[in-house]
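> Take a look and give me a structure for this.
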Amino acid sequence: MKKKELYGMGVALVTPFMKDGSVDYEALGRLVDYQIESGTDFLCVLGTTAETPTLSADEQLKVRQAVIARNAGRLPILLGVGGNCTQAIVDKLKNDPMEGVDAILSVVPYYNKPTQQGMYAHFSAIAEATELPIILYNVPGRTGVNMLADTTLRLANNHANVVGIKEASGNVEQIKDIMARRPEGFKVFSGDDGITLPLIADGADGVISVIGNGFAAEFAQMVRLALAGEMEQAKVIDERLRQMYDLLFLDGNPAGIKALLQLRGMVENVLRLPLVPASDGTIEKIRVALGNIL
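Numbering: from 1, shown residues only. This is a model prediction of the structure:
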């Protein structure tokens, strides 16, 4: 069956926890419904915002299954399958059930600090292990290394199923370079909510968003307007949300977005160590900003 194409606003779903620290599957289901009802274009499951490194293998499987079941084929599913052991990812892609998954998101290996050739070999092995479309994920602030435009484009040109990248380097010139030289059909998604609008103006295909967890309708509408070339209308929404972009990352991600979601009555403000909730001061700033936006 043909996989659904990714475009527009994807949301990097949080993993809600109950007060005792266990996964809150009921809240997760409500979040999926909220995204679908609000006009989100696709769901990103088990990414950074999901606190995936703190979930056991069994929990990761159950979260994936819960989202796929609740989604019921309504939106495309982008599944995070990454790590710093290439063979472990290859084995996972070959052995895990992938029904209901439309594409995978795979992060540049962290901690190991591979060279550009190492990154190329890593993603080449992943591309050869699956027929699923692959979205690369470059986030040097978390991985410790930056995947250069030349490496991204080499992968895009040499592997038919490497179909896009989530670029969270913050290096606008690098992202523009990728967009200028990419092969036809290769998608570029912003990995930073705050620069989504100018990147779309320069040719990006959308965003994989954090703020979309809590402002799905608003941010989806902004992205939709921008992609349609209605930049002035999109700027109005961007300015309305701008005060929240930095606040959500003041104490790290997903501490900020979970604080916002609790203020909106959607999840408990519980994270798993080594992450902790946002400070009282940050939560108060988010509360004030929320009041200004609403």
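
> wait, doesn't residue 25 sit right on residue 64?
No - with contacts counted by CB atoms under 8 Å, residue 25 stays clear of residue 64, the gap being 11.7 Å. Glycine gets a C-beta too; all of them are placed from N, C-alpha and C.

> okay, those two: which has more neighbours?
residue 64 (20 against 17; other CB atoms under 10 Å).

> The residue nearest to that one when sequence neighbours are not counted pairs with what?
Computed as CB to CB, 6 or more residues apart in numbering, the closest residue to residue 64 that is not its neighbour in sequence is residue 45, at 5.8 Å. Taking DSSP bridges, one obtains residue 79 as the residues bridged to residue 45.

> my guess is residue 45 meets residue 69, correct?
No - the pair residue 45 / residue 69 is not scored as a contact, 11.8 Å apart, by CB under 8 Å.

> who's more crowded, those two?
residue 45 (27 against 11).

> Give me the contacts around the single longest helix found in the chain.
Counting residues, the longest helix in the chain under DSSP state H turns out to be helix 231-247. Residues outside helix 231-247 that contact it (CB atoms under 8 Å, 6 or more residues apart in numbering): 193-194, 196-197, 200-201, 211, 215, 218-219, 221-223, 225-226, 256, 260, 282, 285-286, 289-290, 292-293.

> now do stretch 279-292
Against stretch 279-292 from outside (CB under 8 Å, 6+ apart): 243-244, 247-248, 250-251, 255-256, 259-260, 263-264, 269, 277-278.

> residue contacts, residue 29?
66, 70.

> does it belong to a helix or a strand, and which?
Residue 29 belongs to helix 25-38 when assigned by DSSP states H and E.

> so where's the stretch 1-150 of the chain uncertain?
1-3 (pLDDT under 70).

> One more pass at 50, please.
Residue ranges of the stretch 1-150 of the chain with pLDDT under 50: 1.

> which residues of it fall in strands?
Ranges of strands in the stretch 1-150 of the chain, per DSSP state E, counting those that start in this stretch, are 8-12, 42-45, 77-80, 103-107, 134-138.

> As a markdown table, these with distance to residue 19 would be great.
Output for those, formatted as a markdown table (distance: least, CB to CB, whole Å):
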| stretch | distance to residue 19 |
| --- | --- |
| strand 8-12 | 23 |
| strand 42-45 | 23 |
| strand 77-80 | 26 |
| strand 103-107 | 30 |
| strand 134-138 | 31 |
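
> I'd like to know which of the ones you listed is closest to residue 205.
strand 8-12 (7.7 Å; CB to CB).

> Please state the offset of the closest one from the chain centre?
Computed by CA atoms, centre = their mean, to the nearest Å, the chain-centroid distance of strand 8-12 equals 7 Å.

> so that strand versus helix 25-38, what angle?
Per axes from the mean of the first three to the mean of the last three CA atoms, to 10 degrees, the angle that strand 8-12 makes with helix 25-38 is 170 degrees.

> Skip the chain neighbours and tell me the closest residue to residue 188.
Spatial nearest neighbour of residue 188, chain neighbours left out: residue 204 (4.8 Å); criterion: CB to CB, 6+ apart.

> I'd say the one you found and residue 186 touch.
No - if you go by CB under 8 Å, residue 204 and residue 186 don't touch, sitting 11.4 Å apart.

> neighbour-wise, which of these two wins?
residue 204 (24 against 20).

> so is the more buried one in a helix, a strand, or just coil?
coil (DSSP: H, G, I helix; E, B strand; the rest coil).

> For it, which residues are in contact?
175, 179, 188, 189, 190, 196.

> thinking again about what came up before, list the buried residues for the longest helix of the chain?
234, 235, 237, 238, 241, 244, 245, 247 (16 or more other CB atoms under 10 Å).

> Which residue lies closest in space to residue 23, excluding its sequence neighbours?
Spatial nearest neighbour of residue 23, excluding adjacent residues (CB to CB, 6+ apart): residue 59 at 5.7 Å.
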